[in-house]
Structures are given as structure tokens and as C-alpha cells.
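[1] Predicted model, plus sequence, below.
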Amino acid sequence: MTLRTKTQDLDKASLISQRVANIAPSGIRKFFDLLASMEGVISLGIGEPDFATPYHIREAAIASIERGYTMYTPNTGIAELRTELSQYLNRTTGLTYDPNSQVLITVGVSEGMDLAARALINPGDEVLIPDPSYVSYSACVILAGGKPVMIPTSEETRFEISVETAEALITPKTKAILIGYPANPTGAVMPREKLLQIAELARRYNLVMISDEIYSQLVYDCEHICVAALPGMQERTVFLGGFSKAYAMTGWRIGYAVASAEIIAAMTKIHQYTIMSAPTMSQIAALEALKNGGESAREMVADYNRRRLVMVEGLCDIGLSCFNPQGAFYAFPSIRSTGMTSEEFAHNLLKEEKVAVVPGNAFGKCGEGYVRCCYATSLKELYEALERIKRFLNRRGIGN
């Protein structure tokens, strides 16, 4: 006798993890899906250099492939790269990291962020994060089982974290503070005195700092301060960096994490099960970038600075007040004078003038009323984009 049961319709929605279901899709990618089918669009949306990776870096990777370097590397990365990176960090920050136990080569800073969150956060732990901030910060915390707690910032305070505001949000469940300066999307740079206050707060409440410093080389008229180099912070900081922005290596997907041996061991445990190792040829390219890429990086940063001045001055001239960014390659103009929400502004601008920007609310509630404009594109396109935005505003009786 065969036992028959009634076949039930598959509820596909119920198959999805609640953590994943509760995360909104990236507000950045949504706009790229829209513009993918449009012609003649000037994109100020994607945070990517318009430069090709310098030739000597590409050549190093090509040569490694030709020599047959196509196998897995050690989980933590090629020993020579870890050693070179350790020496580079010592030169630039004064910090000493053991390349054998305190350095992990990752698939971009994005993987490093994910690994840090999963290695440190227990279910229900709270993590303080600036608002606005890069879209993946909160998502990484949620996917690790934690709770993001946003620290509001504003243009009036230069999008810097107030230590008083941060301290008021600390509870017995607070585990870490996650920051990224120079900041995406605002271009803000935290001065030393403000970072010292945040560092003292972390020490007083025994918190871990996770510091995304991918834009550390892209600063203008100011100094980048490495969080881990502040007094008493090296052992309690996960320092994340990479090659995507300064060396125009976004597609190579190569980054790094440095921290105490205990934290790196925990991150490596996850990394070895989920990734195994970063791409071999990308690691070879990163090694060449560290050894010989400094001049190319400085030339690109000088070019970004010229574009920054054009972008900020141009936005102000056409009637959009704009915070003066001191780092990264983003302008974050206010669009409140238009009476539109950030999403309305971005959608209408793309539809009417074929200029793509990212609505500020994609980066948090405090980003509402702003849009992010990436100026890592040619001056010719920047001037044309500004002219199109001016027409867009003038049709609504706004601007000059």
C-alpha cells in the first residue's frame, strides 16, 4: 500500500532567509539597472575611477598568468604581498603588523567588511554606524545577526561624528563602531581631534573599531588619519584597505584586513571556507602596485582634485549648495531647494537629461535631501553633466 500525501504548492518567499528578506536592495545598483538600457547617459553614479589600471600593474598580472601562476595561494594571501603590505603600512602609518599572523588579503574591502562583521558580531550585538554612510555597512551587520544603530550626522557638522551623539547611543549590547573616512557618499574627512574622541570612547566602553580606509590616499588639502595608529587603538581596530580606488583596480577585487592575530585568525577561518583565497593574478597586480604604483596613484589623485574643484564650484554656480568634500571622489549637493525628494530628483534627472546620480537616502535617512555625484569621470563629461543639470533646474525656475 502506497501512502499518498497531498502535494502543497511551493511558497517560494518562505524559502528566503528572513535576514536577507529584510534587507532592501542596494539603492546604487537600482539606478544602474535603469540606465543600462539608456543611451547617451552621463553617469555620476558609480564610484569607480575612469582610469584604466596603470600599464605596469596590468603587465605584472599578465606575466604571472603566462608563467602559469594560476593556482590557489595560501588562504591569507601570497607571502610576498603580505610582507610588502606590512612594510607599506609601516611606512605610511608607523604601525607594525606581522605579515604571517596579522594580515589577510581579501576579495576587495567588501569581503573584508563581511568577514569582520561575521567574526566579531554575536546575534543581537549592536554596531554604531554613521548616517549617511556606504550602503553595505548596515547590510553586513544585519547579515551577521547584529543590529545597526545609526549615528546621525549633518552638513552643519561637516558630516563628522559627534562623540556626544555616539555615546548617547551606547547600550550594554553595543559591540563595535564601524566607520569609513574619507567618507562615501559625502567626501567628509574626520579630523584628528574628533577621531581621538571617538577612539577614547571605544576604549572607555571596550568597543571594537572597524575602520574602512579604502579612500585613505584620496585626500585634498588635509591629512588622512589612520584609526589604528591612534593611541591604544591598534589592538582593538580592524583596519580595512584596498587597491580599487587609488590604483584604479576596481575590477581586480583585491583588498586587505589587518588586525590583531586573534581577529585575523577568526576572519581567516570564515575566508577559507567561503573564498579559499583571493585571485592569484590580482594579488600579483597588487604587489606591483605597492612596489611601483605610487607615482601613478599620485597623478590620479591630482586629477581628481582638479575635477573636485570643477564639480563643487559648478554645482554651486547652478544653484545647488554643495558640501566641500575633502576626500574620496564624491560631491554631495543638497537638492532641498527643488522641493523634490532625493529619489524624485534622481529619477527625473535621469529621465529628462540623462544624467545619473544616486539619491542620498540610499546611504541612510540623513542622506535624504541630497544626491551623490561621483566626479571620477572626464572633465568634458563633468562640464556637460553640469550643463544638463542646469537645464533641469531652470525648467523648474531654480538656479542661475
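    Right, received. Where do you want to start? Computed from a predicted structure; not experimentally measured.
[2] In the stretch 301-400 of the chain, mark out all the helices, start to finish.
    Per DSSP state H, counting those that start in this stretch, the stretch 301-400 of the chain carries helices over the ranges 342-353, 379-394.
[3] Any chance of a markdown table for those, columns mean pLDDT and mean neighbour count?
    Backbone N, C-alpha and C define where each C-beta goes, glycine included. Output for those, formatted as a markdown table (pLDDT from 0 to 100; neighbours: other C-beta atoms under 10 Å):
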| stretch | mean pLDDT | mean neighbour count |
| --- | --- | --- |
| helix 342-353 | 95 | 18 |
| helix 379-394 | 97 | 18 |
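[4] Would you mind giving those helices as JSON lines with distance to Thr76 added?
    JSON lines is the format used below for the helices of the stretch 301-400 of the chain (distance: least, C-beta to C-beta, whole Å):
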{"stretch": "helix 342-353", "distance to Thr76": "41"}
{"stretch": "helix 379-394", "distance to Thr76": "40"}
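[5] For Ile170, which of those helices is the nearest?
    With C-beta to C-beta as the measure, helix 342-353 is the member of these nearest Ile170 (29.5 Å).
[6] Just the C-alphas of the closest one, formatted as PDB.
    Output in PDB follows, covering the C-alpha atoms of helix 342-353 (Å, rounded to 0.1, in the frame of the first residue of the first chain):
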ATOM      1  CA  SER A 342      16.200  62.500  -3.400                       C
ATOM      2  CA  GLU A 343      14.700  59.700  -5.400                       C
ATOM      3  CA  GLU A 344      12.400  62.000  -7.300                       C
ATOM      4  CA  PHE A 345      15.300  64.200  -8.200                       C
ATOM      5  CA  ALA A 346      17.500  61.300  -9.400                       C
ATOM      6  CA  HIS A 347      14.700  59.700 -11.400                       C
ATOM      7  CA  ASN A 348      13.600  62.900 -13.100                       C
ATOM      8  CA  LEU A 349      17.100  64.000 -13.900                       C
ATOM      9  CA  LEU A 350      17.900  60.600 -15.400                       C
ATOM     10  CA  LYS A 351      14.700  60.600 -17.400                       C
ATOM     11  CA  GLU A 352      14.800  64.200 -18.600                       C
ATOM     12  CA  GLU A 353      18.500  64.900 -19.000                       C
END
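[7] Tell me the helices and strands packed up against that helix.
    helix 27-35, strand 355-356, strand 358-359, strand 371-374, helix 379-394 (3 or more C-beta pairs under 8 Å, 6 or more residues apart in numbering; DSSP states H and E).
[8] Relative to Met113, which of the ones you listed is closest?
    With C-beta to C-beta as the measure, helix 27-35 is the member of the helices and strands packed on helix 342-353 nearest Met113 (15.4 Å).
[9] following that closest one, which helix or strand comes up?
    strand 42-43 (DSSP states H and E).
[10] for the record, mean pLDDT for that next one?
    The average of the pLDDT scores along strand 42-43 is 93.
[11] Now do it: distance to the chain's middle.
    Centroid separation for strand 42-43 versus its chain: 20 Å, with C-alpha atoms, centre = their mean, to the nearest Å.
[12] List the strands paired with it, with their directions.
    strand 355-356 (parallel) (DSSP bridges).
[13] Check the average confidence over the partner strand, would you?
    Here the average pLDDT along strand 355-356 is 95.
[14] repeat for stretch 108-127
    98.
[15] quick one: buried residues of that stretch?
    Under the neighbour-count criterion of 16 or more other C-beta atoms under 10 Å, stretch 108-127 has 108-121, 125-127 buried.
[16] repeat for stretch 88-100
    Those would be Leu89, Thr93, Leu95, Tyr97, Pro99, for stretch 88-100 by 16+ other C-beta under 10 Å.
[17] What of stretch 173-191?
    174-190.
[18] Kindly report the same for stretch 298-306.
    Of all the residues in stretch 298-306, those buried under the rule 16+ other C-beta under 10 Å are Met300, Val301, Asp303, Tyr304, Asn305.
[19] on that earlier part again, now intersect the buried residues of stretch 88-100 with the strands, please.
    Per DSSP state E, strands hold no members of the buried residues of stretch 88-100.
[20] and of the helices of the stretch 301-400 of the chain, who's closest to Ile318?
    helix 379-394 (4.2 Å).
[21] all strands for the stretch 51-200 of the chain, in order.
    Remark: strands assigned in the stretch 51-200 of the chain by DSSP state E, counting those that start in this stretch are 103-106, 126-131, 147-152, 174-179.
[22] Quick check: the gap between Val371 and Glu353.
    13 Å (C-beta to C-beta, to the nearest Å).
[23] can you give me the helices for the stretch 1-150 of the chain?
    18-21, 27-35, 55-66, 79-93, 108-120, 136-143.
[24] can I get those helices in CSV with distance to Asn348?
    Putting the helices of the stretch 1-150 of the chain into CSV (distance: least, C-beta to C-beta, whole Å) gives the following:
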stretch, distance to Asn348
helix 18-21, 30
helix 27-35, 12
helix 55-66, 40
helix 79-93, 43
helix 108-120, 31
helix 136-143, 27
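[25] Next, count neighbours for the nearest residue to Ala228 once chain neighbours are set aside.
    Sequence neighbours aside, Thr237 is the residue nearest to Ala228 in space, at 4.0 Å (criterion: C-beta to C-beta, 6 or more residues apart in numbering). Thr237 sits with 25 neighbouring residues when counted by other C-beta atoms under 10 Å.
[26] what residue ranges in the protein score low on pLDDT?
    Scanning the chain for pLDDT under 70 picks out 1-8, 27-36, 400.
[27] Spatially central residue for it, please.
    Tyr134 (5.4 Å; C-alpha atoms, centre = their mean).
[28] hang on, the earlier thing: I'd like to know which of the strands of the stretch 51-200 of the chain is closest to Gly241.
    strand 103-106 (9.8 Å).
[29] Which strands and helices lie in contact with that closest one?
    With 3+ C-beta pairs under 8 Å, 6+ apart as the test, strand 103-106 has helix 79-93, helix 108-120, strand 255-258, helix 261-274 packed against it.
[30] okay, these in TSV with distance to Leu10 next?
    Shown next, in TSV, are those (distance: least, C-beta to C-beta, whole Å):
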stretch	distance to Leu10
helix 79-93	46
helix 108-120	30
strand 255-258	39
helix 261-274	28
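[31] Asp212: which of the ones you listed is closest?
    Going by C-beta to C-beta, the one of those nearest Asp212 is helix 108-120, 6.1 Å.
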